[in-house]
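Next come a sequence and a model predicted from it.
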Amino acid sequence: MLSEEEYSVWLEHRQQAEVALEGRDALLFHSACQIEKKLELLGVTGIEDRLQDRVPETIESLRSSGIKIWVLTGDKQETAINIGYSSCLIDQDMDIVKINATSMEECQDILEACRQEFTSQEEAERDNSISSTESLLSRFRPILGVGCYKNDRSRFITLPKALIIDGQTLMFALDKSLKVLFLEVAKQCHSVICCRVTPLQKAAVVELVKVHLHQMTLAVGDGANDVSMIQKANVGVGIAGKEGMQAVMASDFSLGRFQFLEKLLLVHGHWCYSRLARMMLYFFYKNVGLASLLFWFQLFNGFSGSFPIDPINVIMYSLIFTSVPVVVVAIADQDIRANTLLADHIYYEEGRRSKVYTRWKFWLAMLDAFFQSAAVFFVAYGAYYDSDVGITEYGFVINVSLILTVTLHLALETLHWTIINHFILWGSVLATFVINYVYTAIDTRQPFMDTYWLMYQTSSHSQFWFVLILTPVISLSPRIVAKVIEQELFPSPVLKARSEEKLLRNKNRILTTVSMHHPKEGLNHIM
C-alpha cells in the first residue's frame with residue numbers, strides 16, 4: 001500500500017517526466033520503475049476476440065460456390081494468417097505468398113516475380129515440364145515461398161495459393177503503375193488477405209476489383225472503419241454487433257450474424273436472380289406482343305398507323321391486366337427449395353454465370369412474342385373473316401385473346417404455386433372481363449371508336465369463345481414443346497433438382513396416404 005505522501009512525491013516526478021524536453025523516455029521509464037515494484041498479483045482480465053459461430057463453414061460454403069473471398073483487415077500479418085486458417089480461408093495445402101516491400105521498386109520486382117512464377121507453374125502443369133525462368137525468381141523465392149510438387153506420375157501439380165500483403169506494400173501496389181500487375185497476381189490466388197490496411201485502402205481495393213475486373217463485388221463489415229468499403233461495393237452487408245451500427249446504417253442488407261450470409265447469397269441470391277431474369281424476359285415478351293399486333297394490323301389498313309384496340313384497354317393492359325401477376329411472381333417465385341440450394345452449391349453457378357438471362361434467350365423470347373402475336377391476330381382474323389364485325393369489336397377480341405395468352409404464358413413460367421399466385425393470376429383474367437363489361441356499359445360517345453355495349457355484343461357470339469380457346473393453344477404450343485424437350489433431353493441442374501424434389505414429394509404423399517389407411521401395413525412398407 002502507498003501512503004499519500006509517497007504517492008504525492010511519485011506524482012510530482014511523473015508530471016515532470018511527462019513535460020521533460022530532454023530524456024523524456026528515460027524519465028518516464030524511471031518513474032514507472034519506482035511505482036511498479038513490490039506488487040501482489042490479484043487477478044488478470046482479458047478480452048477474447050474470436051470468430052462467430054459457423055464462420056469457417058460459411059466461408060467454405062461460399063468458396064465452394066465459386067465466390068472469391070478477399071479479407072481486408074487492420075490486424076497485423078501474423079494475426080491475419082491465423083484468422084485465415086481458423087476461418088478456412090487458408091488451407092494447410094496452400095502456398096502462402098507473402099508480399100512485404102519497403103519501396104515501390106521492390107514491390108514491382110516482387111509482383112513481377114510472382115507473375116512469372118505463377119505463369120511458369122501453369123505452363124509446367126500444362127506441358128509437364130518446368131520452364132527455366134529462374135533469373136529473377138532466385139532473389140525472391142525464399143520470400144514468396146511458392147512452388148509446386150511432383151506426384152507419382154512425375155507431373156508438376158500447382159498448389160493453390162493464398163496471397164498475404166501488408167498495408168505499406170498495398171499502398172505501393174495500388175499505385176496507378178502497379179495496380180494492374182497486382183490484380184493479375186491476386187486473381188491467380190485462391191485467397192487474398194490484406195492486413196494492416198486503412199479504411200481508404202479497403203475502399204480502394206474494392207473499387208479496383210469492381211472497375212478493372214468488371215466483377216460484381218459484395219463487402220461485409222461490422223464497424224465504422226468498414227463504411228467506405230461497404231459504400232464502394234455493388235452490394236454492402238452490415239453485421240450488427242458490438243462494433244456499433246455505422247456499418248449497418250451504410251449497408252444495403254443488415255445481418256445479425258455472419259453465418260446468415262450463406263443463406264442470403266446461396267438461397268435468396270439465387271432466387272432473386274432467377275426471378276428477375278425470367279421476369280425481365282417476360283416484360284419484354286408481353287410488351288413486344290402488344291406492339292406486334294399493330295404491325296400485323298398495318299398489313300390490312302395500308303400502314304395508316306391506326307390501332308384496333310381502344311386507348312383505355314391499351315392503358316389497362318400494362319397497368320392492371322398483365323402487371324400485377326408478374327409482380328407477385330417476381331416477389332415470391334422459387335425454382336427449388338432452400339434446403340436443396342444449401343446442400344449442393346452447383347445451383348449458384350446459374351446466377352453467377354448469368355445462364356438464365358442470356359442474349360440467346362432474349363431473342364428467343366422476342367421471336368416467341370412475334371409468333372404469338374401473329375397467332376392472336378390471324379386466329380381472330382380467320383374466325384371473323386367475311387363477317388360484318390367492326391374494327392372496335394375486332395380489337396376487343398384480339399385484346400382479350402392476347403391477355404389470356406400472356407397470362408397462361410406466365411402460368412407456364414411460374415415455378416412455385418401458392419394461393420396468392422392462383423388468386424392474382426386467374427383474378428387478372430376475371431378482371432379483364434369485369435372491367436370491360438363495366439367499361440363498355442358506359443356510354444362514352446366517342447365519335448371514332450364507340451365502345452358502348454360492345455363487350456356484351458362481342459361475347460354473345462360463338463366465334464368470340466372459339467377464338468379465346470384456340471388462340472392460347474396455338475400460341476403456347478411451341479413453348480410447351482420446347483420446355484418438354486429441354487426437360488427430357490437437355491435438363492439443367494436446376495431442372496434435375498426440381499424433378500427430384502417432385503418425386504420425393506410424391507413418394508412422401510404416397511407413404512403418408514398408405515400409413516393413414518393401413519397403419520400397420522404402411523409402417524411395414526416404410527420399414
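Structure's in. What do you need?

how about the strands of the stretch 201-350 of the chain, start to end?
218-221, 235-239, 253-255 (DSSP state E, counting those that start in this stretch).

Show me what the last one pairs with in its sheet, parallel or antiparallel.
When you say that, I think you mean strand 253-255. strand 235-239 (parallel) (DSSP bridges).

Quick one: mean pLDDT for stretch 8-15?
Stretch 8-15 shows a mean pLDDT of 89.

Could you save the strands of the stretch 201-350 of the chain as JSON lines and add columns showing mean pLDDT, mean neighbour count and distance to A173?
Using the backbone N, CA and C atoms, a C-beta is placed for each residue, glycine as well. Conversion of the strands of the stretch 201-350 of the chain to JSON lines gives the following (pLDDT from 0 to 100; neighbours: other Cβ atoms under 10 Å; distance: least, Cβ to Cβ, whole Å):
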{"stretch": "strand 218-221", "mean pLDDT": "94", "mean neighbour count": "24", "distance to A173": "19"}
{"stretch": "strand 235-239", "mean pLDDT": "94", "mean neighbour count": "22", "distance to A173": "24"}
{"stretch": "strand 253-255", "mean pLDDT": "92", "mean neighbour count": "16", "distance to A173": "30"}
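
Put together CSV for these, with distance to E393 on each row.
Converted to CSV, these look like this (distance: least, Cβ to Cβ, whole Å):
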stretch, distance to E393
strand 218-221, 55
strand 235-239, 52
strand 253-255, 52
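
I'd like to know which of the ones you listed is closest to V406.
strand 235-239 (32.3 Å; Cβ to Cβ).

coming back round to it: tell me which of the strands of the stretch 201-350 of the chain sits nearest to A375.
strand 235-239 (41.7 Å).

So what touches that closest one?
216-222, 226, 230, 245, 247-258, 261, 264 (Cβ atoms under 8 Å, 6 or more residues apart in numbering).

next one: that strand to chain centre, how far?
Centre-to-centre, strand 235-239 and its host chain are 13 Å apart (Cα atoms, centre = their mean, to the nearest Å).

Spatially central residue in this structure, please.
Nearest to the mean C-alpha position of the chain, by Cα atoms, centre = their mean, lies G269 at 4.2 Å.

Do I have it right that it meets R352?
No - G269 is beyond contact range of R352, at 9.1 Å (criterion: Cβ atoms under 8 Å).

OK, contacts around Q108?
F172, S177, L178, L181.

Where does the second one sit, in terms of helix or strand?
S177 is part of no helix or strand when elements are defined by DSSP states H and E.

And R498, what's its pLDDT?
86.

Okay, buried residues for stretch 308-328 please.
Buried residues in stretch 308-328, counted by 16 or more other Cβ atoms under 10 Å: P308, I309, D310, I312, N313, M316, Y317, F321, T322, P325, V326, V328.

And for stretch 46-66?
Buried-residue list, stretch 46-66, by 16+ other Cβ under 10 Å: V55, T58, I59, E60, S61, L62, R63, S65.

Can you lay out the residues you listed as a markdown table showing pLDDT, secondary structure and distance to K98?
Formatted as a markdown table, the buried residues of stretch 46-66 follow (pLDDT from 0 to 100; DSSP: H, G, I helix; E, B strand; the rest coil; distance: Cβ to Cβ, whole Å):
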| residue | pLDDT | secondary structure | distance to K98 |
| --- | --- | --- | --- |
| V55 | 92 | helix | 23 |
| T58 | 93 | helix | 26 |
| I59 | 93 | helix | 21 |
| E60 | 91 | helix | 23 |
| S61 | 92 | helix | 27 |
| L62 | 92 | helix | 24 |
| R63 | 90 | helix | 21 |
| S65 | 90 | coil | 27 |
